[in-house]
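S.K.: Predicted model and sequence below, questions to follow.
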Amino acid sequence: MNATPETRAPLSGSRIRPSAPASVASNVSRISARDVTVHYGPKQAIFDVSIEIPEKSVTAFIGPSGCGKSTFLRCFNRMNDTIEGCKVGGLITIDGDDIHDPSLDVVELRARVGMVFQKPNPFPKSIYDNIAYGPRIHGLVKTKAETDDLVESSLKKAGLWKEVSDRLDQPGTGLSGGQQQRLCIARTIATGPEVILMDEPCSALDPIATSIVEDLIHELRAQYTIIIVTHSMQQAARVSQKTAFFHLGKLIEYGETEQIFVNPKEKQTEAYITGRIG
Ligand SMILES: Nc1ncnc2c1ncn2[C@@H]1O[C@H](COP(=O)(O)OP(=O)(O)OP(=O)(O)O)[C@@H](O)[C@H]1O
């Protein structure tokens, strides 16, 4: 994909045209959310959101600041459980498994549903150990040879192998911002997730690093179900096949990315994508 890197661009009055979302989304649902609500103490942040997320596709969550994109994203690997006073209601299933089932192991869930954050956050460890840590904890590797293989394949999938193969013992924190973010993506891939959640993964990156990560997202979708929160409508248009527009905690419109940007059905969506709200 030849993405033109942009940061948040002024959008007043203009329509975004999806440049290259390769194809339409798969129609096999991997994640299903039914009437999901989220409260922070007495404050309700998400109101009865229902959505089906297709497998092996990139789904973008867009909307004005504070509309609940990150809160809703965190529902899928139960990261909201770690926030005091945060309560999630409704039903969320991944491949039919209720993620709130008391018998479900949350650590396992977070290996199945990996997460990449806004700011690259490598562990203060070597590049090698950043990748090897998760698989060791989860018992996915037993021998040094197995670990070596997994470190190499994860770094290759994240498009970082060539840049770091000769310095695996160096600290991950010594890499550039874009390389650190790809290291974090490699670390996520290493535990064998089915789903990867990305919360504004390029917001701390320069345009070139952003373009590299976007190309990577494009490649990863052949294998993973990806949900990305982004402030950049250009980025949503470039990388996603499905787009969900949120406003004030409600899902206003959800559809094929091309339809959302070219022919939105809801007035609020149109107002947002043409820069009149947000
Ligand atoms: N830990 C928290 N405690 C209390 N309220 C919170 C917390 N996190 C988020 N909120 C509130 O929930 C609402 C949704 O926030 P959230 O961060 O999910 O929105 P967002 O669309 O991701 O915003 P942004 O684009 O600015 O990151 C906001 O009103 C926010 O103030």
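M.R.: It's in.
S.K.: From the ligand, how far out is residue 60?
M.R.: 13 Å (Cβ to the nearest ligand atom, to the nearest Å). C-betas here are computed from N, CA, C, even on glycine.
S.K.: oh sorry, the question was meant for residue 45
M.R.: Relative to the ligand, residue 45 is positioned 4 Å away (criterion: Cβ to the nearest ligand atom).
S.K.: Correct me if wrong: that residue contacts residue 69.
M.R.: No: applying Cβ atoms under 8 Å as the test, residue 45 and residue 69 come out as separate, 10.4 Å apart.
S.K.: mind listing the strands for the stretch 151-278 of the chain?
M.R.: Taking DSSP state E, counting those that start in this stretch to define them, one finds strands in the stretch 151-278 of the chain at 195-199, 225-229, 242-247, 250-256.
S.K.: Residue 275: which of those is closest?
M.R.: Checking the strands of the stretch 151-278 of the chain against residue 275 by Cβ to Cβ gives strand 242-247 as the closest, at 13.6 Å.
S.K.: which strand residues sit across from the most centrally placed residue in the chain in the sheet?
M.R.: What sits nearest the mean C-alpha location of the chain, by Cα atoms, centre = their mean, is residue 198, with 2.1 Å. Counting by DSSP bridges, residue 198 forms beta bridges with residue 116, residue 228.
S.K.: Same question for residue 251.
M.R.: Here residue 251, judged by DSSP bridges, has bridge partners residue 246.
S.K.: Contact residues of the protein facing the ligand?
M.R.: 40, 43, 45, 63, 65-71, 83, 231 (Cβ under 6 Å from any ligand atom).
S.K.: how does it look with 8 Å?
M.R.: 38, 40-41, 43, 45-46, 61, 63-74, 83, 85-86, 199-200, 229, 231, 246, 249 (Cβ under 8 Å from any ligand atom).
S.K.: buried subset of these?
M.R.: 38, 45-46, 61, 63, 67-74, 86, 199-200, 229, 231, 246, 249 (16 or more other Cβ atoms under 10 Å).
S.K.: So which of the residues you listed sit within strands?
M.R.: 38, 45, 46, 61, 86, 199, 229, 246 (DSSP state E).
S.K.: Sort out which one of those residues lies nearest the ligand for me.
M.R.: Set against the ligand, the nearest of these by Cβ to the nearest ligand atom is residue 45 (3.6 Å).
S.K.: pLDDT at the closest one, what is it?
M.R.: pLDDT, residue 45: 98.
S.K.: residues touching it, list them.
M.R.: 38, 39, 68, 71, 249 (Cβ atoms under 8 Å, 6 or more residues apart in numbering).
S.K.: Okay then, goodbye and thanks.
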